[in-house]
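**Q** sequence and predicted structure, then a few things I'm wondering about:
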Amino acid sequence: MRLFVLIYKELLQFVRNKGLFIFVIYLFTADLYISANGIDLTLKNAKFYVVDEDMSVISRQMISEFTEPWFSFQGYLQNKNKVENLLMRDMAVGVIVIPEDFSKSIKSGKTPEIAMFINGTESTSGYLFSGYATRIINDFIIDYTGITDSTRDPPVINIRERFLYNPNADSRIFMTITELFSVITLLALILPASAITREKENGNIEMIIISPLKMQEFLLSKIIAMSLITIAGTTAATYLIIEGILNVSFEGSFILFLLLTSFYVFTASGISMLISSISKNMLQVSQITIMVLLPMLFLSGSWTPYESMPVLFQKLTYISPLKYYLEGSFDVILKGLGFEYVFTDFIGITLLGIPTFIAGAYFLVKKI
C-alpha cells in the first residue's frame, strides 16, 4: 500500500513540474509531427541547371521529363565554367551537361555521353538526384529510339517492384516510428535518473535513510512512476498523433507492442539507475544521458543499416537493447506479426535488462 502512495506522489510531482511536464508532452506530440513532415528521405524540389551544348529539340524534350515535385529546373547555363561556382555556393543539387553531338548520337543509334556534376555536400540529395536523373535519361533514350525489351541484345529482364509493409515507400512512416522509439529511449533514461538525482540535490536522501521507508520502495516508486509516464505517453502518441493525425496504420497488436515497450523501459530504467548513481546534480544527469543515448541510437540500426556497419560495430549492436526493441516493434507495427515472431526480441531485451537493472540498483544503493 505504501508503494502505491509513493507512486502517486511521484506522478503528482511530475504534473506539478511544469517544465518537465510540457517537455514530455512536446516530445510525444509536436516532435513526432515535425519529424514526420520536416524530414523527407525522398527527392523533392531538387534544384538543377543544364548546360545544353546540343541545343536541339531532342535535348529540350529530355529536360522536360525532369518534372516537379521531384525536380526544380533553374535554367540553362551558357558553358561549363559556371558549374563549379554554382555548386560551391549551394545554388543547385546538380548540373546536367548535354554534349553537342547528343541528338546525332541518338539518331545514329550510338550511346551519348551525358555528364552530371553533383553537389557532394548534400550527400543524400545528391545520391537521389543521380539515381533519379540516370533513370529518366535512360528511359527517355529507350523510348525515343524505339528500343524495347524484345529488341535489346541481350534481352532485358522486366522487373516489377512491389513494396511490402509500406506500399508507397513513404519515408514519413519510418521517420515517425523511429522518432517515437528515440523519444521513448530518451525519457526512459532521463526521467528515473532525474527523479532520483533531484532527491539528492534537495537533501532528501538522508531523511529517507532514517525513515521507516525501505530503499527498495523508494527506488521502485521512482522507476514505476516514470515508466508509467513513458508508457502512457507512448499510448497517447500512437492513437492521437501516429494513427490519428499522421494516418500511419498500426497493423499488429497494440497490446503486444505495449508489452515489448514495457520490457524495454524496464531495461532502460536499469541504465537510468546507473546514470543516477554517478550523477551529483541534474546537469550531470543530462550530460551522461546524452553520452549513453547517442551510442544506443547509432548501434540500433535506425540511423545506419546493420549491414553497412564495420564488423566490430555489428558485434556491438547486440549489447544495445534498442536494437531488439526497434526490430520487434517494426515487426509488430508494420508487418502485423505475432509473439511467435518477436519472442527472440523479448529474450534479447530481457537478457540485457535483468543484469543491467540489478547492477543499476546495486550501485545506486551503494552510492546512497
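**A** Cool, got the structure. Numbering: from 1, shown residues only.

**Q** which residue is nearest the centroid of the chain?
**A** residue 178 (4.0 Å; Cα atoms, centre = their mean).

**Q** what is the helix or strand containing that one packed up against?
**A** Per DSSP states H and E, residue 178 falls inside helix 171-201. On a contact count with 3 or more Cβ pairs under 8 Å, 6 or more residues apart in numbering; DSSP states H and E, helix 171-201 meets helix 18-28, helix 30-38, helix 215-236, helix 254-277, helix 282-300, helix 321-333. From N, CA and C alone the C-beta is placed, and that goes for glycine too.

**Q** okay, buried residues for it please.
**A** For helix 171-201, the neighbour count (16 or more other Cβ atoms under 10 Å) marks 172-200 as buried.

**Q** next secondary structure element downstream of it?
**A** Assigned by DSSP H and E, the successor of helix 171-201 is helix 205-210.

**Q** can you show me the CA trace of the lowest-mean-pLDDT helix or strand in the chain as PDB?
**A** In the chain, no helix or strand scores lower on mean pLDDT, DSSP states H and E than helix 205-210, which sits at a mean of 74. The C-alpha trace of helix 205-210 is given here as PDB (Å, rounded to 0.1, in the frame of the first residue of the first chain):
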ATOM      1  CA  ILE A 205      18.100  11.100   0.700                       C
ATOM      2  CA  GLU A 206      19.400  11.400   4.300                       C
ATOM      3  CA  MET A 207      15.800  11.800   5.600                       C
ATOM      4  CA  ILE A 208      14.700   8.700   3.600                       C
ATOM      5  CA  ILE A 209      17.600   6.700   5.100                       C
ATOM      6  CA  ILE A 210      16.400   7.300   8.700                       C
END
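
**Q** what residues does it touch?
**A** 199, 215, 218, 368 (Cβ atoms under 8 Å, 6 or more residues apart in numbering).

**Q** same question, stretch 302-320
**A** So stretch 302-320 is contacted by 178, 181-182, 295-301, 322-323, 326, 348, 352 (Cβ under 8 Å, 6+ apart).

**Q** returning to what we had before: let me know the secondary structure of the closest residue to the residue nearest to the centre of the chain other than its chain neighbours.
**A** Distances taken as Cβ to Cβ, 6 or more residues apart in numbering place residue 302 nearest to residue 178, at 4.8 Å, with adjacent residues excluded. Following DSSP: H, G, I helix; E, B strand; the rest coil, residue 302 is assigned to coil.

**Q** need phi/psi at residue 302.
**A** Phi and psi for residue 302, reported as degrees, to the nearest 10, are phi -80, psi -30.

**Q** mind checking how far it is from residue 364?
**A** Noted for residue 302: a distance of 29 Å to residue 364, by Cβ to Cβ, to the nearest Å.

**Q** ok, residue 244 next?
**A** With Cβ to Cβ as the criterion, residue 244 and residue 364 are 39 Å apart.

**Q** the more surrounded of these two?
**A** In this view residue 244 and residue 364 are compared by other Cβ atoms under 10 Å, and residue 364 has more residues nearby, 22 against 12.

**Q** how close does that one sit to residue 277?
**A** For residue 364, the distance to residue 277 - Cβ to Cβ - is 4 Å.

**Q** residues that sit against both of the two, list them.
**A** With Cβ under 8 Å, 6+ apart, residue 364 and residue 277 have no common neighbours.

**Q** still on that earlier bit, may I see the buried residues of the least confident helix or strand of the chain?
**A** Neighbour counts over helix 205-210 (16+ other Cβ under 10 Å) mark residue 205 as buried.

**Q** and if you look at stretch 32-47?
**A** For stretch 32-47, a neighbour-count test (16+ other Cβ under 10 Å) marks 32-33, 35-36, 43, 46-47 as buried.

**Q** lowest-confidence one in those residues?
**A** Among these, residue 43 carries the lowest pLDDT, at 81.

**Q** can you name the residues that contact the closest residue to that one other than its chain neighbours?
**A** Counting by Cβ to Cβ, 6+ apart, residue 43 lies nearest to residue 128, which is 4.1 Å off, once chain neighbours are set aside. Residues near residue 128 by Cβ under 8 Å, 6+ apart: 42-43, 46.

**Q** inside strands: which ones of those residues?
**A** Mapping these onto strands (DSSP state E) picks out residue 46.

**Q** JSON lines for the contacts of residue 128, including distance to residue 208?
**A** Output for the contacts of residue 128, formatted as JSON lines (distance: Cβ to Cβ, whole Å):
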{"residue": "42", "distance to residue 208": "53"}
{"residue": "43", "distance to residue 208": "57"}
{"residue": "46", "distance to residue 208": "59"}
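
**Q** of the contacts of residue 128, closest to residue 70?
**A** Nearest to residue 70 out of those is residue 43 (Cβ to Cβ; 5.2 Å).

**Q** SS state for residue 117?
**A** Residue 117 is classified as strand under three-state DSSP.
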